[in-house]
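In: Build me a structure from this.
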Amino acid sequence: MKKKKLKLPKCAPYSKAHERYLRKRRNDKIFVLSFQIIILIAFIGLWELLAQTKVIDPFFVSSPSRIFNTLSSLIANGTIWKHIGITLLETICGFAIATIGGTLIAVLLWWSEKLRRIFEPYLVVLNSLPKIALGPIIILWVGSGMSAIIVMCVLICIVMTTITMLNAFVSCDPDKIQLMKSMRANKFQIFWKLILPSAMDEFISVLKINVGLAWVGTIMGEYLSSSAGLGYLIVYGSQVFKIDLVMTSTVVLCVLAALMYIGVSLLEKWHKR
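Out: Just a heads-up that it's a prediction; the model follows:
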C-alpha cells in the first residue's frame, strides 16, 4: 500500500492591508535614513565651502579637508591607533564596571526596603553632584593615569544606573508580585522570574544612556590626568593652537561613540526577538 503524504496547510499570504503597512514602514525607514545622510553631506559641504571662501576662519574652526588630511597623517604614522586604543579601553572598562555595579547596587536596595529608605536620599545628592569637582580628590586617592580616568567614568555612570534600575525594579506590577507570593515563590524566584524580565527594557535604556556618559566621563578624566588618549590629543591641540588636531580627535570620538551605540541597538533588537 502506498503511504499517503501528509499535506501541510499553506501559510496564508499577507493581506493587502498588511503588505501596504510593511511597505509604508520600509519606505519610512528609507526616507529617514536618506534625509540623515543628506543633512550630514550638506553640513560637511557647507562647512568646507565656508572655510574655502574664508567666510569662516579655518584656523579657528578647521574644515573637513583639513581634518581628513590630519587624520590621514595620524594613520600613516600610527599615532592615532595608540590614542584610540587607550581611550576605548578606559571607556569600555568604566562602562562595564558602572553598568554591572550600578545594577547590583539596585538589586541590593530592592531586596532590602530599609536599605533603600536609608540610601535613596544619598543617591539623589550624589547624582546632582558635579563629578568634575571630585577630579583632584580622585587623583589623590588612586593616582594619575588610567585608574583615575576609569574611576571618573564609573562615578559619572554608576549613580544614574542605580537610580534608573532601582525605579524599574520597584515599579513592577504589585498584583503580579502578589500572585507569585500566593504561589509560594520566594524572593529570589520573584526577582528572577518577574522583576528582572520586566526591567529589561529599562536596562537597555540604561546601556544607551551609559554609552554617552561613559565617553563624557573618560574625556573629562583625560582632561584632568592623561598622557595619551583622544582627550589628551584635544587638550594638547588646544594648548598649541592645532585646531585641526582638536577637530580630528572630536570627529573620531563621535564615530567611536556612534559605533558603540549601534552595538547597544543591535543588542536591543536581539532582545526583542
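In: Quickly list the domain ranges of the chain.
Out: Annotated domains of the chain cover 27-56, 67-272 [automatic domain parsing].
In: Out of those domains, the one nearest S15 is which?
Out: Taking CB to CB, domain 27-56 is the member of the domains of the chain nearest to S15, at 18.2 Å. Quick note: C-beta positions are derived from backbone N, CA and C, even for glycine.
In: list the buried ones in the closest one?
Out: By 16 or more other CB atoms under 10 Å, the buried positions in domain 27-56 come out as 47-48, 51.
In: can you check stretch 209-220 too?
Out: Residues of stretch 209-220 classed as buried by neighbour count (16+ other CB under 10 Å): 210-211, 213-220.
In: What of stretch 187-199?
Out: Buried, per 16+ other CB under 10 Å, within stretch 187-199: 190-191, 194-196, 199.
In: can you list those residues in CSV and add secondary structure, pLDDT and distance to S34?
Out: As requested, those are arranged in CSV below (DSSP: H, G, I helix; E, B strand; the rest coil; pLDDT from 0 to 100; distance: CB to CB, whole Å):
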residue, secondary structure, pLDDT, distance to S34
I190, helix, 89, 47
F191, helix, 90, 45
L194, helix, 90, 43
I195, helix, 91, 42
L196, helix, 90, 39
A199, coil, 90, 36
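In: can I get the residues you listed in TSV with distance to A228?
Out: Converted to TSV, the buried residues of stretch 187-199 look like this (distance: CB to CB, whole Å):
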residue	distance to A228
I190	48
F191	42
L194	46
I195	42
L196	39
A199	38
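In: Would you map the helices across the protein?
Out: 16-52, 58-61, 64-76, 79-111, 113-128, 135-142, 146-170, 174-182, 187-190, 196-198, 200-224, 230-239, 243-272 (DSSP state H).
In: Just say which of those helices is most tucked in.
Out: helix 146-170 (a mean of 23; mean count of other CB atoms under 10 Å).
In: what helices or strands is that helix leaning on?
Out: helix 79-111, helix 113-128, helix 135-142, helix 200-224 (3 or more CB pairs under 8 Å, 6 or more residues apart in numbering; DSSP states H and E).
In: which outside residues touch the shortest one?
Out: Contacts of helix 135-142 from elsewhere in the structure, counted by CB atoms under 8 Å, 6 or more residues apart in numbering, are 148, 151-152, 155, 220-221, 224-225.
In: Which pair of these spans the longest distance?
Out: Among the contacts of helix 135-142, L155 and S225 lie farthest apart (CB to CB), at 14.1 Å.
In: My guess is L194 contacts M183. True?
Out: No - using CB atoms under 8 Å, L194 is not in contact with M183; the gap is 11.0 Å.
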